[in-house]
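J.: Kindly generate the corresponding structure for this input.
(2 chains)
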Amino acid sequence: MNDVTSNWIQLEGDFYDKVELYSGVFSNLDDSSRLVSGGNAGLVLVADKLRVTVLTASGEQLSTWKWNNPPQICMGWSTDEEPVFVLEDGTVLIYTLFGTFKTSFSMGQEAKDMKIIAARIFSSSSGTTGVAVLTSTYRFYMVSSLQDHRVRKLYDVVEMKHFTAWCPLTHDRQNRLLLGRGSELLLLSHNDMTVLDIQIGGGLGVESNITKVCLSPSQSNVAVVTESGLLWIGSFTRKLSHYQLDSEVMHLAWCGEDVVFVSLTSGLANLVHISGVVEVMYGVSPIGITQECDGIRLISPGFHDLIHKVSEPVEEIYKIGSMSPGSILLMASQAYNEKSHKADDYIRMIEARLDQAVSQCILAAGALFQPSHQKQLMRAAKFGNSFLQGFASDAFYQQCQTLKILNAVRHYKIGMPLTSDQLAALSKPVLIDRLISRRLFPLAIAICDYLKIPPVDGKSRVLGHWACYKVETSTADEDETARQVSSRLGLNAEISYSDVASKAAQVGKKRLAVKLLEHEVRADKQVPLLLKLGQGAKALGKAIDSGDTDLIYHVILNLQEEHSTADFHMIMRGVKLGASLYTKYCSQHNTAGLQSWLQQEDDWQALAAHSLKESYSSGRIETRLSHLVTTQEYYRKSKNDFNLSVVDETTKLLNHQTKLEEKFGRVYLNLSLHDTVTQLLEEGEYKLADKLRSEFKISDRKYLWLKVRAFGKSKQWSELANLAKSKKSLIGFGPFVDVCIEAGCKDEANRYLVLLNNEDKLRYLMKLEIYSEAAELAYNLKDVEALTSIEVRSVNNFSMLEKVAGLKQKLQSSR
Amino acid sequence: MSRAHLNSGRAKIGDFREMSRANILSILDSIHGNKVLVWDECLTGPVGLVAEYSVLKEHGVSRMFSMSATGLPSVRVDSIVYIIRPNVENCDIIAANIRSEERRGGSGLKMDYHIIFLPKKSLFCEKRLKESGVYGSLTIYELPIYLYPLDTDLLSMELPDSFKELTLEGDPTCIQYAAKALMQLQMVCGIIPRIYGKGAAADRLFRLMLRMKQEMVGFESNIKPQIDSLVLIDRSIDLLSTLPTQLTYEGLIDELFGISQASVKVPADRFGGQQQQQAGDVPQPTAPSSTEMRQVPLNSSEELYQDIRWLNFNAVGPSLSRKARSISAQFQERHEAKTVREMKEFVEKLPSMQAAKQSLGTHTTIAEMVKDKITAEGLMDTLEVEQEILSYVNSDRYLDSVEDLACKDYPLTKLLRIISMQSLVSSGLKPKVLDMYKKLVLQAYGYEHLLTLQNLEKAGFITPHNGQKTFGTLRKRLNLISDIVDEQNPTDIAYVHSVYAPLSVRLVQQLEKPGWRNIRDILDILPGTSFEDTQQIPTQLKNISRPDDQPKVVLVMFVGGCTMAEIAALRFLSQQEDKNVEYLIGTTSIITGSNLLQSLQTDLQPPVF
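T.: Numbering: from 1, shown residues only, chains lettered A, B, ... in the order given. As a prediction, the model looks like this:
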């Protein structure tokens, strides 16, 4: 039990613990190299003039590459854990953590021209990675995101002095700088400068320039070091304490919110509490120091340590002489394991506060690094929990899960010495991202599965990244790689094969990309990429399979642009749906293209239709006729005799109509054959009508119809009567009556009534509203229904009603 | 108009509408400032079903216009929002609009341009916009609304040209949209466990659904299945049923006046003193169309309409007079009310009685108008010819009655409808008869209709005889023609056309009894494959089964459109007491024989010299 507390340091009321994370690491670093370790137990970046090396927190080398650029002014880690370098001319370079150059941008013209003298890489207010630089002209420039690198100039600090002490301040939803000017602290934003109303040097009388400034994790407290070696600690509004250092400061950082850590050139280090209490630490001379949200990590040759505040439950349990429930529960659990009856006594002692005891143990387990300690505490919690009914099972389960993950990633092979708080700050999805970018795919998958993350966000996503990595790095034959990738990924819609394929295309492995795309289920992703890869025919096939006409059009138009007409037609020919869509597109937007395509295809029928349309779209009779000639040719070729004869007739009729127009100066064109004949009949041009009739072989029956209607319309009653003289009509005499009624001449109608059979006569009598006669006829025909409808129609005619009623009666009685 | 009734059915159509509505509103909200909507004209009506003008107004829409190549009306707004179908014509108009606006310098105010593609974005259109150089000044959105709820049991995709695109142009866009629509519906109403289908387009649709399901692994619906089966019907397996004149009340209104988006526009002068109801609820992008028209909503939220819409028109009159008697009896109660309490009860009923009275007035007027129009258009003659064709087994002769109609200047589309009917009933016309009919049409109506005839042949409406007697077999086996139909109290779906029972609905009916497996031979003589399949239900939903006393819900999806008569027939089947099936209807659009044939016509308009 002692070893939990063996490294504890008491400061004011609190305890601080120095945890040895890894030992025997970083021993071969030389003095000339600089070292930056990323936050949340991130990677370590080591650089000298010649090389850059990326190491895990446990000192395992991930990658190393030659530095061919000018020296870096500043280097650091982006929030996505990518190495970021800022050069003297303000160029910001971003690499992958395996040393592949990713992208770069400039911090602006002034930075380029005047050079920069300092830079900071920081996590911005919106969680992105920001970069701030100070030019040799003492102007600050800032970008707030590496993705959207708009450079913003900060407010000009007019009175120029040497600024060596400055750091980004990112709370309150904006990115500002905190800087020391002389003995003042300034807040600088892009449009404003505020001098903080605090006196550095507080009371000592000596004013001295600020050389270092550092913000606490929550950015509410400031630590400042001046030229004269004064360490001043305060908030933005007041001083909290100060401490005179006896040699120059190497590193300055906050360890939590209450303690400032300083390491000195003298080889000593101090922990200074905000209350003014100081603890001197010997033998601590770190070469790299990282301020975390809950402590600091120190990298020194041979060691990687964490100093953090002992969390309350741990303190409660392990503090010497503690009688806290958690502490007693732990003793109870140990006694129980030793089969000692004392266990019972202990439990009785804390019976009423057992829930508190369990919670304490669970929480404390999360704050400790040694698995054996964690186990002890969790066992105690479980033991205590068995006396409570399912009180803390959720918390217990969660803690087990968290510990399992923490222990897994803390392993020196992985090298992520996260604390519970850091993991919470980082979040589990980001942890998985980090594992992915370190190419620790199996562990990432194991954690996803363990956390039961849905495959889309978990396993499948990891596999997707794995596939990209595989595709990028594999030196095997492309077919073999494709096979390997697809056998691992399977036919899984959650994995975007197109992403993997586009990676392959990026690194120039076209064949592999095409192979991989075979497995993509989403055509809208697959097809455009296939096109990009020059796989037109395949893209067309896939687009057609998808049934997405838009996609098909997209491919077709692309193919058309990229191929000669002949080649294009060849491709289209094989694909029915493609061909019909192309035809549709052309008929709307590209008639010339349509014609060449149809001719290529010997589609005479369609060509005929096309030229027929052209004929109708022309305003000149000659053009119309010539198009009709073309149409005839096509129909002849397609052996469509009926249509051919129709076009013949069309031509003939057009010629007749033209002549008629010339002769009479009236409009005939565009009338149908029937209408032309009808018009001639109406105009009394019987001979011409007869001529057309015989030429176009209009049947007797139809011709009779035309005559009857024409004579009726033009009220040529005698002509109509002549037609009726034959006593027999092919169309009956109903139409004769109809045309009279339509012309509004009911009297004329009467003369044809006698020619009708009784049923028709009754119908027309009704139509002519000759009800009295109709009623009698209906009676004779024994048509009760007709009588009823007469009744309905003559509501106001009482004599008629009487008559009909009588007839109805008679009919019914006779039955 | 309240849409609350949409959720009263078994499948929650209202939820589905809510989803679409949330979609459009969230897009509007993401566009800053006040905005003008510029509509692709064919979308105003459909989208109005989902989000009314009043709602759009609440989301910053200040005015609405129809899209026009002549340019934008001058307005001062922050944003111009186009809502269009993804086609090239629309993009060209937008490009022209923007360019001319830029030339004009606008109203001095910098305007943002947005395009909402409905139902999906298009690479093709974006390319076109890029080529016209306006792409950079546009923000593009996608509004994935595929289905519009017309009623509690009726969903339409409002794609009136889908049949033409499929059969004449070989363009399967509507199938893709239908597949998306059905996937979307399943997200809201749960996975449909059983799927049946008949016809090539149905088969394609089903395959696309399977494909999309694969693409969507990991995003499955976790709603308890509300729909038990899905039947996909390709319109081209049953062209005939679109042709006979529809004789239900709703069908006739559609045939004679045209129903669009569940409402009809009729001349207002016949309505007398009734005040105009529900104005401003339907988006009216342009000035309200001619003032003499009146828009009457037709849906199941109106009790009376619900009762009579499916009736044969001959039964509508008696039904209306029964209704009139019952209402006047209700009003009579006023005199019998003695106590204050009775009086209060009466007063409470008053609003609903007033509504019923108004509804009765409206429909009496409409029924009269329908009757007048039947007389005016000589519909009785047509019906005679239709029945002659339908009742003859071998009516493959050239019919004088058809010639008579042609000589009487009968509307061409309707004449083609009759000839098509004859062709379909006789499994194609003898070559000589076919040529005679074609000549008749061309000589009477003009040679410019040659391509139309060709189209009808391609689509299968007027074809040469194929040596089979398909219709004869179907007619016998499926009992398609009933000589005795009780129009007042129908016992069979044949009442919707007085003699003819729509084949499509008959097939759906066979699904329950005796089952498609037992009519394999019938299915095989129809074109295209037939299939049935099962979709896996997520295990956690499996155990929640439908209570036995609840009827099964079957969604019938028509690819290529369906008629009001078919809908009426399905509703009739839902209402049968012994049948334990409730039908939901989905369709690419609601059609009549006339507008279907019209869509297939190639209009060659000779210019005037």
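J.: any idea of the mean pLDDT in the helix or strand encompassing B:L405?
T.: Assessed by DSSP states H and E, B:L405 sits inside helix B:400-407. Mean per-residue pLDDT for helix B:400-407: 90.
J.: Need phi/psi at the nearest residue to B:A315 once chain neighbours are set aside.
T.: Closest residue to B:A315 apart from its sequence neighbours, by CB to CB, 6 or more residues apart in numbering or on different chains: B:Q488 at 4.7 Å. C-beta: built from backbone N, CA, C; applies to glycine. Torsion angles at B:Q488 (phi, psi; degrees, to the nearest 10) stand at phi -80, psi -50.
J.: Same check on B:R341?
T.: Dihedral angles of B:R341 (phi, psi; degrees, to the nearest 10) stand at phi -60, psi -40.
J.: so where's chain B shaky on pLDDT?
T.: B:1-5, B:105-109, B:218-219, B:272-291, B:392-395, B:542-548, B:579, B:607-609 (pLDDT under 70).
J.: For chain A, what's the nearest residue on it?
T.: Evaluated by CB to the nearest CB, chain B has B:G170 as its residue closest to chain A, separated by 3.2 Å.
J.: Helix or strand: which one has that residue?
T.: In the assignment (DSSP H and E), B:G170 maps to no helix and no strand.
J.: B:R63 too?
T.: Using DSSP H and E, B:R63 falls within strand B:61-66.
J.: Let me know how buried the residue nearest to B:A315 is, in neighbour terms.
T.: 12 (other CB atoms under 10 Å in any protein chain shown).
J.: sorry, back to before: pull the residues that contact the helix or strand following the helix holding B:L405.
T.: Later in the chain than helix B:400-407, the nearest helix or strand by DSSP H and E is helix B:412-425. Under the contact criterion CB atoms under 8 Å, 6 or more residues apart in numbering or on different chains, helix B:412-425 has outside partners B:239-240, B:243-244, B:382, B:385-386, B:389-390, B:392, B:395-396, B:399, B:402, B:405-406, B:429, B:434, B:437, B:441, B:445, B:449, B:452, B:456, B:460-463, B:471, B:593-594, B:597-598, B:601.
J.: from the residues you listed, which are also near chain A?
T.: By CB under 8 Å from any CB of the partner chain, the members of those lying near chain A are B:Y445.
J.: Of the contacts of helix B:412-425, keep whichever come out buried.
T.: Neighbour counting by 16 or more other CB atoms under 10 Å in any protein chain shown classes B:239-240, B:243-244, B:382, B:385-386, B:389-390, B:396, B:399, B:402, B:405-406, B:429, B:434, B:437, B:441, B:445, B:449, B:452, B:456, B:460-463, B:471, B:593-594, B:597-598, B:601 among these as buried.
J.: Quick check: next helix or strand after the strand holding B:R63?
T.: Downstream of strand B:61-66 (by DSSP H and E), the next one is strand B:79-84.
J.: quick one: that following strand near chain A?
T.: No - Strand B:79-84 lies out of reach of chain A by CB under 8 Å from any CB, never closer than 13.6 Å.
J.: Which elements pack onto that strand?
T.: strand B:35-39, helix B:41-50, helix B:88-104, strand B:112-117 (3 or more CB pairs under 8 Å, 6 or more residues apart in numbering or on different chains; DSSP states H and E).
J.: Same list (these) but as CSV, adding distance to chain A and mean neighbour count.
T.: Output for the helices and strands packed on strand B:79-84, formatted as CSV (distance: least, CB to the nearest CB, whole Å; neighbours: other CB atoms under 10 Å in any protein chain shown):
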stretch, distance to chain A, mean neighbour count
strand B:35-39, 21, 23
helix B:41-50, 16, 20
helix B:88-104, 6, 17
strand B:112-117, 10, 21
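J.: So for B:R477, which of these sits nearest?
T.: helix B:41-50 (38.5 Å; CB to CB).
J.: Give me the distance from that closest one to the chain's centre.
T.: Here helix B:41-50 is found 13 Å from its chain centre; the criterion is CA atoms, centre = their mean, to the nearest Å.
J.: Hey, what's the angle from that helix to strand B:61-66? Just curious.
T.: Inter-element angle recorded for helix B:41-50 and strand B:61-66: 140 degrees (by axes from the mean of the first three to the mean of the last three CA atoms, to 10 degrees).
J.: near chain A, which residues of the stretch 201-350 of chain B show up?
T.: B:R204, B:R207, B:L208, B:R211, B:Q214, B:E215, B:M216, B:V217, B:G218.
J.: near chain B, which residues of the stretch 551-700 of chain A show up?
T.: Neighbours of chain B within the stretch 551-700 of chain A, by CB under 8 Å from any CB: A:551, A:553-554, A:557, A:576-577, A:580-581, A:583-584, A:588-589, A:605, A:609, A:612-613, A:616-619, A:621, A:624, A:642-643, A:646-647, A:649-650, A:653, A:669-675, A:696, A:698.
J.: Buried only: go through those for me.
T.: For these, a neighbour count by 16+ other CB under 10 Å gives the buried set as A:551, A:553-554, A:557, A:577, A:580-581, A:583-584, A:605, A:609, A:612-613, A:616, A:624, A:642-643, A:646-647, A:649-650, A:653, A:669-675, A:696, A:698.
J.: Next, the residue most central in space within chain A: secondary structure please.
T.: Taking CA atoms, centre = their mean as the criterion, A:K525 is the residue nearest the geometric centre of chain A, at 12.3 Å. Under DSSP: H, G, I helix; E, B strand; the rest coil, A:K525 falls in the helix class.
J.: I'd assumed A:A501 was in contact with it.
T.: No - between A:K525 and A:A501 there is no contact under CB atoms under 8 Å: 9.0 Å.
J.: on that earlier part again, please flag which of the buried ones among the residues of the stretch 551-700 of chain A next to chain B sit within helices.
T.: Per DSSP state H, helices hold the following members of these: A:551, A:553-554, A:557, A:577, A:580-581, A:583-584, A:605, A:609, A:612-613, A:616, A:624, A:642-643, A:646-647, A:649-650, A:653, A:673-675.
J.: quick revisit: now that we're looking at the residue nearest to the centre of chain A, how far away is chain B from it?
T.: From A:K525 across to chain B, the span is 10 Å (CB to the nearest CB, to the nearest Å).
J.: Just give the closest residue to that residue, not the sequence neighbours.
T.: Nearest non-adjacent residue to A:K525, counting by CB to CB, 6+ apart: A:S498, 3.9 Å away.
J.: Would it be right to say that that neighbour lies in a helix?
T.: Yes - counting by three-state DSSP, A:S498 is located in a helix.
J.: how about it, what does it touch?
T.: A:L517, A:E520, A:R522, A:K525, A:Q526, A:L529 are the contacts of A:S498 under CB under 8 Å, 6+ apart.
J.: Which of the three states applies to the last one?
T.: When you say that, I think you mean A:L529. Assignment for A:L529 (three-state DSSP): helix.
J.: show me the contacts for it.
T.: Contacts of A:L529 (CB under 8 Å, 6+ apart): A:S498, A:A501, A:S502, A:A505, A:A513, A:L517.
J.: Surely the second one and A:E520 touch.
T.: So that's A:A501. Yes - contact criterion CB under 8 Å: A:A501 and A:E520 qualify, at 7.0 Å.
J.: Just want to know which of the two has more residues nearby.
T.: The residue with more neighbours, out of A:A501 and A:E520, is A:A501; 31 against 23, by other CB under 10 Å.
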